[in-house]
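Novice: Return atomic coordinates for the entry below.
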Amino acid sequence: MNVDEQQQTLWISQAAEVLDIEIAALEIQKTALNADFVAAASLILHLKGKLVLIGMGKSGIIARKIAATFASTGTPAFFVHAAEALHGDLGMITADDAVLALSHSGETDEVCGLLPTIKRLGAPMIAMTGKTSSTLAQHADYVLHIPVSEEACPMNLAPTASTTATLALGDALAVVVLKHRGIQPEDFARVHPAGSLGRRLKSVADVMQTREAVPMVALGTPLSEAIVTMSSYRLGITGVGEGDSLIGCLTDGDLRRVLQQGKVDMGQKVSTVMHSNPHSIAGNHLATEAVRYMEEKKVSVLFVTEHESLVGVVHLHDLLEAGIA
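Specialist: Numbers count the residues shown, from 1 in each chain. Below is the predicted model of the structure:
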């Protein structure tokens with residue numbers, strides 16, 4: 001379909017207007033943050049049970065996404081469709097849980113129909129609604145107001161700006177809880193094992209070769225034997241030390257420098273030509289950190305240590321195969 005230049009200009013202008021309305025809604029949303037937001041975050045942070053998200057229609061879609069965000073950032077959470085809850089799924093909610101119910105009008109029949117049972121269960125409830133005087137708001141322990149009066153829809157009917165503001169407020173709530181829960185990248189990695197995000201969050205221990213794959217020679221080993229050991233492992237490096245204690249290393253670059261000096265004593269101890277401070281990294285570090293370290297130090301191999309003991313080795317090729325580098 002060909003679109004003439006005038007039509008293109010019109011469409012882009014209309015799209016920009018939508019974005020302006022939604023940006024304005026987010027600016028307004030910031031002004032609605034209050035003590036109830038703080039109380040809701042504290043409630044979720046100290047929950048014994050799970051956070052249960054409830055909604056219908058577009059609000060249900062947003063609730064499902066907010067539940068996924070909480071679950072992926074350290075807060076056990078799940079979504080319950082309000083209509084299904086009326087027909088048995090409400091049994092998944094216990095007194096140890098908290099309910100986060102979404103309804104912009106605050107009068108959605110299926111959501112409001114659950115309120116008496118939730119109250120009887122004793123589960124505290126947080127409402128996300130555009131109407132602070134609504135049935136939902138009146139029954140909630142905490143009300144997170146969505147003060148959006150203008151939708152991006154030209155008829156001001158289709159949920160657009162209001163759903164954007166609700167989603168953003170859900171993100172704000174989840175991130176505040178995440179920060180105070182003290183979630184670290186390795187915690188995040190445990191619940192994101194797949195896809196590009198999973199690859200970014202792999203630890204060095206996930207991609208390294210174990211201790212058995214690390215060439216090692218003793219301090220008094222002749223240079224000739226060290227070369228044989230290094231060549232047999234095809235890593236271009238050998239560790240120098242005793243047992244799991246890493247004291248130094250010898251690389252193929254070191255050998256080239258020795259050979260360039262002319263006369264080489266192949267019987268000299270490897271300790272006379274080794275590096276005394278091998279590049280190493282802990283196994284619990286992110287694999288992406290290993291890549292950055294390799295780039296900074298201009299090396300392709302890192303020894304992996306734990307409490308000063310050698311536990312493995314990671315090569316740039318390992319990181320490439322894992323899709324990290």
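
Novice: drop to CA atoms for contacts and neighbour counts, all remaining ones
Specialist: Noted.

Novice: Low-confidence stretches in the stretch 1-150 of the chain?
Specialist: Residues of the stretch 1-150 of the chain that meet the criterion pLDDT under 70 lie in 88.

Novice: Name the residues of the helix or strand hosting residue 117 that are buried.
Specialist: Element membership of residue 117, judged by DSSP states H and E, is helix 115-121. For helix 115-121, the neighbour count (16 or more other C-alpha atoms under 10 Å) marks 115, 118 as buried.

Novice: Following element in sequence after that helix, please.
Specialist: strand 125-129.

Novice: And the contacts of stretch 89-106?
Specialist: The contact list for stretch 89-106 (C-alpha atoms under 8 Å, 6 or more residues apart in numbering) reads 43-44, 47-56, 59-60, 63, 80, 84-85, 111-112, 121-131, 134-137, 146, 162.

Novice: Just the buried residues of those residues.
Specialist: Neighbour counting with 16+ other C-alpha under 10 Å marks 43-44, 49-56, 59-60, 63, 80, 85, 111-112, 123-131, 134-137, 146, 162 as buried within those.

Novice: Looking at those, which are in helices?
Specialist: Among these, the ones falling in helices (DSSP state H) are 43-44, 59-60, 63, 85, 111-112, 135-137, 162.

Novice: Of those residues, just say which sits nearest to residue 28.
Specialist: Comparing these against residue 28 with C-alpha to C-alpha places residue 162 closest, at 10.9 Å.

Novice: can you pull the contacts of that closest one?
Specialist: Taking C-alpha under 8 Å, 6+ apart, we find residue 162 in contact with 25, 104, 146, 148, 150-151.

Novice: ok, so of those residues, who is nearest residue 75?
Specialist: Using C-alpha to C-alpha, those come closest to residue 75 at residue 146, 23.0 Å.

Novice: Tell me if I'm right that the closest one and residue 137 touch.
Specialist: No - with contact defined as C-alpha atoms under 8 Å, residue 146 does not count as touching residue 137 (11.5 Å).

Novice: Next, show the common contact partners of those two.
Specialist: By C-alpha under 8 Å, 6+ apart, the residues touching both residue 146 and residue 137 are 129, 131.

Novice: Just give me the longest helix of this structure.
Specialist: The chain, longest helix under DSSP H: helix 5-31.

Novice: what helices or strands is that one leaning on?
Specialist: Judged by 3 or more C-alpha pairs under 8 Å, 6 or more residues apart in numbering; DSSP states H and E, the packing partners of helix 5-31 are helix 161-181.

Novice: Next, residue 76: phi, psi?
Specialist: Dihedral angles of residue 76 (phi, psi; degrees, to the nearest 10) stand at phi -60, psi 120.

Novice: Much appreciated, bye for now.
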